[in-house]
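Student: Here is the input, now give the coordinates:
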Amino acid sequence: MTTTAPSDVRPDPPESPDDRSLAEFGYRQELHRSLGRYASFAAGFSFISVLTTVFQFFAFGYAFGGPVFFWTWPAVLVGQLTVAACFAELAARYPISGAIYQWSSRLSNLSFGWFAGWIMVIGQIVVVAAAALALQMVLPAIWSGFQLVGSDPAPTSADGAANAAVLGVILLVLTTLVNVVDNRVMSVINRIGVTAEIIGAVLIIVLLLTHSERSPGITFHTGAGSSGLFGALMVGSFMAAYVMIGFDSAGEMSEETRDPRRTAPRTILTALGAAGLLGGLIVLGGLLAAPSLTDGHLGVDGLSYVLTSSLGDGVGRALLADVVVAIAVATLAIQTAACRMLFSMARDGQLPFSRRLAKVNPRTGMPSAPALVVGVLAAALLLLNFASPEAFLAIGTTCIVMLYLAYAMVTGPLLVRRLRGEFSGSEGVDEEGVDEEGRPLFSLGRWGIPLNAIALLYGLFMTVNLAWPRAAVYDPAGGHWYFQWFTLLFLGVTLVAGAAYRAYRARATVAKAPAYA
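Tutor: Model (predicted):
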C-alpha cells in the first residue's frame, strides 16, 4: 500500500506487524490501515454522537418520565460500561472487522455467531435510518425553509414525519458517497466532525448551566402525566439506551487501525465514557435551563426549544448548526460500521452475493458495494415515515433492541467460557499475550466474571424493556397495531429470513457436493 495521508491518517508499510497479526486469523490485509488513536476514538464517539441522539429523544424521555428520567442516564451508563469492558478485552484479542460477528463466532460457534452478526448488521442499518431522521429535530428550528413538506415541523405530526424522511434521504446520499470515495476522506470528516461535536457539547453544557432557572433537585420530580415512578423510568430510559450504543465501532475499524490491540480497547472505553459524561450534563443542563417544565414545549420540541428560548435565537441556532454536523457525522460513522460488518461476513462467504460484497477497491481501501446496500436499505426504511408519524419511534426503538440483543450474543458466550475456565485471556494472541507495545493485553482479571454477568443481565433486561409492546408508547393514537408490535415483528422477520437463508445455503451446499460411489 502506497497511499499518503495527513497527520493521523498514515498507512503502515507493507508487511507491518499489524498485517501479519491479521494473517494469523486467516485474512489478507485489504482495507487500508490508516487510522490513529484519535480516529479510532472518533469512530466510536461519532456512532454514539450525544448531540444527535440526545436532541432526537430528549422530548420523548421527558414526555413519559418528567424530570426524573435524568436518573436513567447514569443507570444505563453503568450497565453499558460493563458491556464495553467485555468488548475491550475481545478487541485486544480479536482485532478484526465485523467485531460482533467475529467475537460471537469465536466464543461459541459459526451458526450462533452468524445470527449475532445478522441481527447486528440489520440493526445497524435501522440505526442509520434513525440517525438520519434526527435532522428533523434540528434543521427546521434553525430555518423554516428546511421544512420542505407541509408546515408542522413536529416529528410526531404527518408533515414532520414526511419531512424527516426527505431530509434523511438527502443525508444518506451524501454519506454513501463518502463511504465509497476513500477511507482517508471518511476519517478526516469523522475526526473534524467529532472535534466540532465535542466543542459544541461543552459550549452547550456551559451555557445551559449558566442559564439555570432551577436547582438540580428538580430531577427527583416525576412528570404530571407519569403513571408511577417505575413506569416512568422504564420508558424514560429509552433515550439513554439509544444514545449509548455503538462504542464497539472502534473494534469494527480494527483492520484499519494502527496498533489495534492497544488502541481499540482504550478507544472503546474512552468513547463511551466521554459520551456518557457529556450527554448526562447536557440532559441536566436542559432540565435546569428550560423556561418552563409544564408548558408542554419540553415534551414536544425538546432541547431545540431550550436552546433557542433560553440562549436567544442567534446563539441557539449557531449551536443547533453544530448539532447538524454531529448528526451528519454520526450517520456516516454508523453506515461505515454497518459496511464493515457486511464486508466481514461476506469475506467468510456467509451472505448472499458475498463475492461482490467482500470486494475492496485497492485504490480507496473501501468496500463500495456494502455502502450502497446500507444506504439504499436505510433510505427504504425512511419511507415508513410517510405512512405514519409513529414510525419515527418504532424505527428508533427497533434498532436499539437489535443491537442490545446482538451485544448479549457476545457477552453470553463469553460468560459461559469464563465459567468453564476456557477464557484465559490468551486466545488469538502470541504466547506472550502482549499488545503492539509489548504491554499486557487489556484484561478484567478477577473482575471478569462479575462484570460479565452484570453486562449480560443488564443487556437482556433492557432488551425486554425496550421491546415490550406498550400501546401508550408505540401506538398512542390507536389503530396502528403493527407499530405497537413493530419491534417484535421486525425482529421475528429478521430471524426467519436469516434462518431461511441458512437453510437454503445448507441445501445448496449439499446439492453441489460431489457424489462418490
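Student: Find the nearest non-adjacent residue to the spatially most central residue of the chain, please.
Tutor: Geometric centre of the chain, nearest residue: residue 246, 3.2 Å, by C-alpha atoms, centre = their mean. Excluding the flanking residues, the one nearest residue 246 by C-beta to C-beta, 6 or more residues apart in numbering is residue 47, at 3.0 Å. Quick note: C-beta positions are derived from backbone N, CA and C, even for glycine.
Student: now swap in residue 253 and tell me
Tutor: For residue 253, the spatially nearest residue (C-beta to C-beta, 6+ apart) is residue 43, at 4.8 Å.
Student: what's the helix or strand for the residue nearest to the centre of the chain?
Tutor: Counting by DSSP states H and E, residue 246 is held by no secondary-structure element, helix or strand.
Student: Equivalent analysis for residue 56, please.
Tutor: Going by DSSP H and E, residue 56 is in helix 50-65.
Student: wait, the residue nearest to the centre of the chain sits on residue 44?
Tutor: Yes. Using C-beta atoms under 8 Å, residue 246 is in contact with residue 44, at 6.8 Å.
Student: on that earlier part again, does the residue nearest to residue 246 belong to a helix, a strand or coil?
Tutor: helix (DSSP: H, G, I helix; E, B strand; the rest coil).
Student: who's in contact with the residue nearest to the centre of the chain?
Tutor: Going by C-beta atoms under 8 Å, 6 or more residues apart in numbering, residue 246 touches 44, 47, 48, 127, 333, 334, 337, 403.
Student: could I get those residues as CSV with neighbour count?
Tutor: Output for these, formatted as CSV (neighbours: other C-beta atoms under 10 Å):
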residue, neighbour count
44, 29
47, 31
48, 27
127, 29
333, 31
334, 31
337, 31
403, 25
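Student: Can you get me a residue count around residue 467?
Tutor: Burial measure for residue 467: 21 neighbouring residues, criterion other C-beta atoms under 10 Å.
Student: Pretty sure it sits against residue 401.
Tutor: Yes. Judged on C-beta under 8 Å, residue 467 makes contact with residue 401 at a distance of 4.8 Å.
Student: tell me, what's touching the two both at once?
Tutor: Common neighbours of residue 467 and residue 401 (C-beta under 8 Å, 6+ apart) are 487, 491.
Student: Please state the backbone phi and psi of residue 213?
Tutor: phi -110, psi -10 (degrees, to the nearest 10).
Student: So what's the residue count around it?
Tutor: So residue 213, with other C-beta under 10 Å, has 13 neighbours.
Student: Correct me if wrong: it contacts residue 285.
Tutor: No. At 11.0 Å, residue 213 does not count as touching residue 285 under the criterion of C-beta under 8 Å.
Student: got the residue ranges for the strands in the protein?
Tutor: In the chain, no segments count as strands under DSSP state E.
Student: any weak-confidence spans in the stretch 301-450 of the chain?
Tutor: 424-432, 436 (pLDDT under 70).
Student: cutoff 80 now
Tutor: 385-394, 424-438 (pLDDT under 80).
Student: for the helix holding residue 56, packing partners?
Tutor: Helices and strands touching helix 50-65, by 3 or more C-beta pairs under 8 Å, 6 or more residues apart in numbering; DSSP states H and E, are helix 110-133, helix 183-210, helix 229-243, helix 260-289, helix 302-310, helix 313-347, helix 391-419.
Student: now the angle from the third one to helix 302-310?
Tutor: What separates the directions of helix 229-243 and helix 302-310 is an angle of 90 degrees, with axes from the mean of the first three to the mean of the last three C-alpha atoms, to 10 degrees.
Student: ok now helix 229-243, how far from the chain's centre?
Tutor: Offset of helix 229-243 from its chain centre (C-alpha atoms, centre = their mean, to the nearest Å): 17 Å.
Student: follow-up on the earlier one: which of the helices and strands packed on helix 50-65 sits closest to residue 140?
Tutor: helix 302-310 (8.8 Å; C-beta to C-beta).
Student: for that closest one, packing partners?
Tutor: helix 50-65, helix 139-142, helix 183-210, helix 260-289, helix 313-347.
Student: Save those as TSV, and put in distance to residue 38 too.
Tutor: Shown next, in TSV, are the helices and strands packed on helix 302-310 (distance: least, C-beta to C-beta, whole Å):
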stretch	distance to residue 38
helix 50-65	17
helix 139-142	28
helix 183-210	6
helix 260-289	9
helix 313-347	14
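Student: Need the winner for burial among those helices.
Tutor: helix 50-65 (a mean of 27; mean count of other C-beta atoms under 10 Å).
Student: out of the helices and strands packed on helix 50-65, nearest to residue 156?
Tutor: helix 391-419 (7.0 Å).
Student: got the buried residues for that closest one?
Tutor: Of the residues in helix 391-419, 391-415, 417-418 count as buried by neighbour count, 16 or more other C-beta atoms under 10 Å.
Student: now do stretch 70-82
Tutor: Buried residues in stretch 70-82 (16+ other C-beta under 10 Å): 70, 71, 72, 73, 76, 77, 79, 80, 81, 82.
Student: and that stretch, how far from the chain's centre?
Tutor: That offset, for stretch 70-82, works out to 16 Å (C-alpha atoms, centre = their mean).
Student: For residue 389, what are phi and psi?
Tutor: Per degrees, to the nearest 10, the backbone of residue 389 is at phi -60, psi -30.
Student: Can you tell me what sits against stretch 369-379?
Tutor: Here stretch 369-379 has contacts from 124-126, 128-129, 132, 168-169, 172-173, 175-176, 179-180, 335, 338-340, 342-343, 346, 353, 356-357, 359, using C-beta under 8 Å, 6+ apart.
Student: follow-up on the earlier one: and the pLDDT at the residue nearest to residue 253?
Tutor: You'll see residue 43 listed with a pLDDT of 90.
Student: residues near it, how many?
Tutor: Neighbour tally, residue 43, other C-beta under 10 Å: 34.
Student: residues touching it, list them.
Tutor: 35, 190, 249, 250, 252, 253, 267, 271, 333, 336, 337.
Student: And it, how far from residue 28?
Tutor: To residue 28, residue 43 is 22 Å away according to C-beta to C-beta, to the nearest Å.
Student: same check, this time on residue 199
Tutor: 39 Å.
Student: Same check on residue 40?
Tutor: 22 Å.
Student: Please apply the same query to residue 176.
Tutor: From residue 176 to residue 28 the distance is 26 Å (C-beta to C-beta).
Student: do residue 388 as well
Tutor: Taking C-beta to C-beta, one finds residue 388 at 47 Å from residue 28.
Student: Looking only at neighbour counts, state which of the two leads.
Tutor: residue 388 (17 against 9).
Student: Report the contact partners of the more buried one.
Tutor: Counting by C-beta under 8 Å, 6+ apart, residue 388 has contacts 158, 161, 480, 483.
Student: Count the neighbours of the second one for me.
Tutor: It refers to residue 161. For residue 161, using other C-beta under 10 Å, the count is 26.
Student: Surely it touches residue 155?
Tutor: Yes. Using C-beta under 8 Å, residue 161 is in contact with residue 155, at 6.2 Å.
Student: Overlap in contacts, the two.
Tutor: Common neighbours of residue 161 and residue 155 (criterion: C-beta under 8 Å, 6+ apart): 136, 389, 392.
Student: Relative to residue 220, which of these is nearest.
Tutor: residue 392 (29.6 Å).
Student: Not counting its neighbours along the chain, what's nearest the closest one?
Tutor: Residue 392 sits nearest to residue 155 (C-beta to C-beta, 6+ apart), 5.1 Å away.
Student: Out of the contacts of residue 388, the closest to residue 444 would be?
Tutor: residue 483 (40.3 Å).
Student: Tell me the spacing between that closest one and residue 395.
Tutor: Taken as C-beta to C-beta, the span from residue 483 to residue 395 is 10 Å.
Student: So what touches stretch 488-503?
Tutor: 111, 114-115, 118-119, 122, 126, 352, 398, 401-402, 405, 467, 469, 482.
Student: Just the mean pLDDT for that stretch, thanks.
Tutor: For stretch 488-503, the mean confidence score works out to 94.
Student: Same question for stretch 199-210.
Tutor: 94.
Student: and if you look at stretch 457-470?
Tutor: Here the average pLDDT along stretch 457-470 is 93.
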